[in-house]
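Peer 1: Sequence first, then the predicted structure, then my questions.
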Amino acid sequence: MMNKKADVLVIGAGLSGLMAAAKAVEQGKKVLLVAKGMGALGLSSGCIDLWGYDIDQPDQVCSRPLQEIDKLIQVNPHHPYARVRDVLEESLDFFRKICAENGSPYLENEGGNWLLPTALGTMRPTYLVPASMAVKSLEEADKILVVGFKGLKDFYPDVLVANLQRNAELKPSCKLEPVLVEVGSEELKPAALAHRLERGEIIDKIVQQVKPLLSPGAVVLFPPVLGSSGGAGMAGRLADELGCPVYEVSNIPPALPGDRLQKTLLHHLKTRGVEVIIGSTVTTAHLEGNRCVKVTVRCLSGTMTISARVFVLATGSFLGGGLEADIEGIKESIFNLPVQIGAEEWSVQEFLDLKGQPFNKFGIAVNDHLQPVDESGQVLVKNLMVTGANLAGCNYPIEKCGNGVALATGYKAGKLVEVVHGE
Amino acid sequence: MNKTNELALDNCIKCSICVTHCPVAKVTDKFAGPKQNGPDLERFRLEEPLAVHPSIEYCSNCKNCEVACPSGVSISTMNCRAKGEYVAKNGAPLRDRLLANVELMGDFARLMPGLVNWGGKVKLFRELAERIFNISADMTLPQYASKTFYELYRENKPPVSAKKVVYFPGCYVTYNTPEVGLALVKVMAHNGVEVLVEEFNCCGVPLIANGLLADAKNNARNNMRKLEKYIDAGYQIVTSCPSCNLALRREYGELFDMEKAHRLAEQVIDVFEYLQVLAENGELKTDFKHLSLTVGYHQPCHLKAVGCGVPSKGILDLVPGVEVNDLDAGCCGLSGSYGFKKEKYAISQEIGRQLFQAVKKKGLNRVITECGMCQLQIHHGTGAEVYHPIQVLAEAYGLGSDIK
Ligand SMILES: Cc1cc2nc3c(=O)[nH]c(=O)nc-3n(C[C@H](O)[C@H](O)[C@H](O)COP(=O)(O)OP(=O)(O)OC[C@H]3O[C@@H](n4cnc5c(N)ncnc54)[C@H](O)[C@@H]3O)c2cc1C
Ligand code: SF4
Ligand code: SF4
């Protein structure tokens, strides 16, 4: 059986694994990243949620997410953010830096949340967004034209228009109009459409059908198919051709912005010398005392082992495969770490009426070095750090913090590889 | 039902990540994509094996879908079987049979390589081949060597050593780039390892990709027969071609359920994985020359699918003066015989475009990649000189003179 060696083995190619690898390789470590598959990023909107709503008034979008997180940590010291508050700003800056360097800049809204239209015509708060999605001043638009494509499933401009009228604060005189453009295919897949746009084949067709519907002060919203790689190049090109601002709205999976972000970060890692193996599942951990020495990996073509000095467990929750539920209960799938079943309740009652699915709070408890701990706070595996959606204590769909937690915890794990190894 | 469970059909969460990652579905509407022919129709195939969408012929067998799937669904295995069912029922065009029968082509070319190579460059013949066989007149054909790898090996036998491995060269090395095989033999000998060879058959991947499963299984059986004694004696079986590696390690067990496939999988190893083990045991020679060589690196899709990472990376990092730039630009598009087919040539080139651009944008005129077909396609699309990483290593040891 083949054995591979690295300084740091990151398990998982979701946002938290990618961040951990990026930060670890920056410090000159030999980093190997292994993942079963692509994870939640390719399904997500590609936007980085940090904290969505006001803790005291959960129906209000919170205006200062970082300050709200300080408050959160007071009322819920078990939230993953409490473990990474010291590096939160730094991690966001690091993320933005590598995205920008790789041609896919992410924008911040002056320290506040963006409030962005979705394909369903709702407005969702989020913190960092790709340049192509950073819709500014919708409330000043005189006209909003929503463009869909004949044959593209899961994006219906008339639905967006009908709901947006209700959900967004618009000028009373603002006109909303849906349009379905025809680009000559009966069935369109998002990636194929993005490719044809990038090739310039259908831009004229789109412009011909859209331009006559525009009037001064118009804003045009598209489904998130404007190009298969990151960056606002395609949105910018359409904006030039149409003579007005053009944006992508977030859509249900498979949405391309999440896929673009994953590609961007993987590209960053590969060009920095991280060895990446996707399609291989880590099945077992081999411990000596309370240190992990190696793991067994099942690849498409057999099994191998990987030994490393430090391990990062970034395997996500149920969707990613990090946590598994069976008749005996819930377990963490590689190290068999104890999974907290959300016994910790919020100390501020009534916070978030929509308490969400309790299972989203299941997960692994960690200390400030992100090492897994048991109920008494004893470290279970010394050279292991746990990050992202498999951490206990957060309820991302309700709290709107999924990618924020993944990003910050991943970053911190990458930063601490030396410290944790020395312990 | 058992086999179905193994393929993890029920794990499919219908997320379509496989579709987003399919290089063919991205550039053409002609292919319904991995999800439809994979998990969606597999359910019907439990009852009716012929529930196959005819567009399955557009699947290039690159396996990107399966690598990307978050749920571990064996999508490409489903697609391979589906294509097999389809071809078994509807037959395959003569053209596909010819292109898939790499050995036959190789043996034919061997009779008069000069003539075949010349003919491959004459426009008139290529146009005839396009008209009669639907073989694209535009794709660069592989050049046949004047002697096969096996012939050259016999003329240059490596010194006997106690440490031995068996080499499975694969058709491309056998007929087209025997210099790669020779570089491998020399590098191993330099490290005190004697390389043994047998006249193996084609691994079967081109047949599998064309839906000719019965023929592929035949090849697999023949190879198994030749490999058996080595498996039993505990030899490691070294490959330089990622598709051969994948066939031996995975397809023989997964598609053909062959006895001993499991043990074979344990003993097959990429040549750079082997060298990596030597390096870890402090047994790799490091008497490298300084090379002053900047190259792009393309990771073949089938190497990604093998899941052993980029084994050449750790070794080439040791060679002074070699700078390797990971191109990370996706599938090359050729996928064996796929890009030679007239109706698929444009698709193949469109898939490869991103990779060609990456090479050109970085201003690279030398590229390394493990797969012979990727080598051909990158040369075709960029004009760059393309090598197997083992040729760079041979050069660094002062054993080769392939790198121009
Ligand atoms: C549909 C959907 C939409 C979402 N939208 C948003 C959004 O718009 N904004 C936002 O901020 N958050 C969103 N979230 C939440 C957010 O995406 C996740 O919380 C976050 O991305 C989790 O990242 P992760 O890296 O921890 O895990 P994941 O992205 O789930 O990654 C886990 C990785 O580990 C791998 N893995 C698992 N088990 C193994 C194993 N045994 N061996 C090897 N590898 C393994 C997986 O293959 C995968 O690569 C969304 C979530 C979902 C499901
Ligand atoms: S096969 Fe895998 S990637 Fe494709 S839809 Fe199903 S779960 Fe998603
Ligand atoms: S094997 Fe390649 S071409 Fe075939 S469906 Fe999968 S990704 Fe697409």
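Peer 2: Cool, the structure landed. Ligands and ions are numbered 1, 2, ... in the order given.

Peer 1: how close does the residue of chain A found nearest ligand 3 get to residue A:255?
Peer 2: Per Cβ to the nearest ligand atom, residue A:191 is where chain A lies closest to ligand 3, at 11.1 Å. (Glycine included, C-beta is placed from N, CA and C.) Residue A:191 sits 11 Å away from residue A:255, going by Cβ to Cβ, to the nearest Å.

Peer 1: Quick check: pLDDT value at residue 88.
Peer 2: Defaulting to chain A. We have a pLDDT of 98 for residue A:88.

Peer 1: let's do chain B instead
Peer 2: At residue B:88, pLDDT is 88.

Peer 1: And ligand 2, is the helix or strand containing it touching that?
Peer 2: Using DSSP states H and E, residue B:88 falls within helix B:75-90. Yes: residues of helix B:75-90 are located near ligand 2 by Cβ under 6 Å from any ligand atom, namely residue B:75.

Peer 1: mean confidence score for the helix or strand following that helix?
Peer 2: Downstream of helix B:75-90, the first helix or strand assigned by DSSP H and E is helix B:94-100. Helix B:94-100 shows a mean pLDDT of 82 in the predicted model.

Peer 1: Pull out the buried positions in helix B:94-100.
Peer 2: B:95-100 (16 or more other Cβ atoms under 10 Å in any protein chain shown).

Peer 1: same deal with stretch A:103-121?
Peer 2: A:104-109, A:113-121.

Peer 1: That stretch vs ligand 1: in contact?
Peer 2: No: on the criterion Cβ under 6 Å from any ligand atom, stretch A:103-121 is out of touch with ligand 1, staying 9.4 Å away.

Peer 1: and the residue in the stretch 301-404 of chain B that chain A sits nearest to, what does it touch?
Peer 2: Going by Cβ to the nearest Cβ, chain A is nearest to residue B:307 of the stretch 301-404 of chain B, at 2.9 Å. Listed by Cβ atoms under 8 Å, 6 or more residues apart in numbering or on different chains, the contact set of residue B:307 reads A:277, A:279-280, A:297, A:299-301, A:304.

Peer 1: go on, residue B:349?
Peer 2: B:333, B:339, B:381.

Peer 1: so where does it fall, helix or strand?
Peer 2: Judged by DSSP H and E, residue B:349 forms part of helix B:342-361.

Peer 1: in chain A, which strand has the most residues?
Peer 2: strand A:302-313 (DSSP state E).

Peer 1: average pLDDT for that one?
Peer 2: 95.

Peer 1: could you check whether it is close to chain B?
Peer 2: Yes: on the criterion Cβ under 8 Å from any Cβ of the partner chain, strand A:302-313 is in touch with chain B at A:302, A:304.

Peer 1: Report all helices and strands that the next helix or strand after that strand contacts.
Peer 2: The helix or strand immediately downstream of strand A:302-313 is strand A:323-326, counting by DSSP H and E. Judged by 3 or more Cβ pairs under 8 Å, 6 or more residues apart in numbering or on different chains; DSSP states H and E, strand A:323-326 is in contact with strand A:329-332.

Peer 1: how about the strand it packs on as CSV, C-alpha atoms only?
Peer 2: Extracted in CSV, the C-alpha atoms of strand A:329-332 (Å, rounded to 0.1, in the frame of the first residue of the first chain):
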residue,chain,number,x,y,z
GLY,A,329,-26.9,8.0,16.4
ILE,A,330,-24.7,10.6,14.8
LYS,A,331,-21.0,10.1,14.4
GLU,A,332,-18.0,11.9,13.0
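
Peer 1: Which positions in it come out as buried?
Peer 2: Those would be A:330, A:332, for strand A:329-332 by 16+ other Cβ under 10 Å.

Peer 1: quick check, distance from the longest strand of chain A to the centre of its chain.
Peer 2: Strand A:302-313 sits 25 Å away from the centroid of its parent chain (Cα atoms, centre = their mean, to the nearest Å).

Peer 1: pLDDT wise, what is residue 400 at?
Peer 2: As the question left the chain open, I've gone with chain A. 89.

Peer 1: Actually, chain B is the one I wanted.
Peer 2: 81.

Peer 1: so who does it touch?
Peer 2: Residue B:400 touches B:179, B:183, B:186, B:391, B:394, counting by Cβ under 8 Å, 6+ apart.

Peer 1: by contact count, what packs against the helix or strand that contains the fourth one?
Peer 2: The one in question is residue B:391. Here residue B:391, judged by DSSP H and E, is contained in helix B:389-396. Under the contact criterion of 3+ Cβ pairs under 8 Å, 6+ apart, helix B:389-396 touches helix B:178-190, helix B:271-280, strand B:293-297, helix B:311-316, strand B:366-368.

Peer 1: right, and the helix or strand after the longest one?
Peer 2: Helices and strands here follow DSSP H and E; after helix B:178-190, the next one along the chain is strand B:193-197.

Peer 1: Just checking, which helix or strand of chain B averages the lowest pLDDT?
Peer 2: helix B:2-6 (a mean of 48; mean pLDDT, DSSP states H and E).

Peer 1: quick revisit: for the contacts of residue B:400, pick the one with the most neighbours.
Peer 2: residue B:183 (27 neighbours; other Cβ atoms under 10 Å in any protein chain shown).

Peer 1: shouldn't residue A:281 be in contact with residue A:298?
Peer 2: Yes: judged on Cβ atoms under 8 Å, residue A:281 makes contact with residue A:298 at a distance of 4.9 Å.

Peer 1: out of those two, which sits in the more crowded spot?
Peer 2: residue A:281 (21 against 16).
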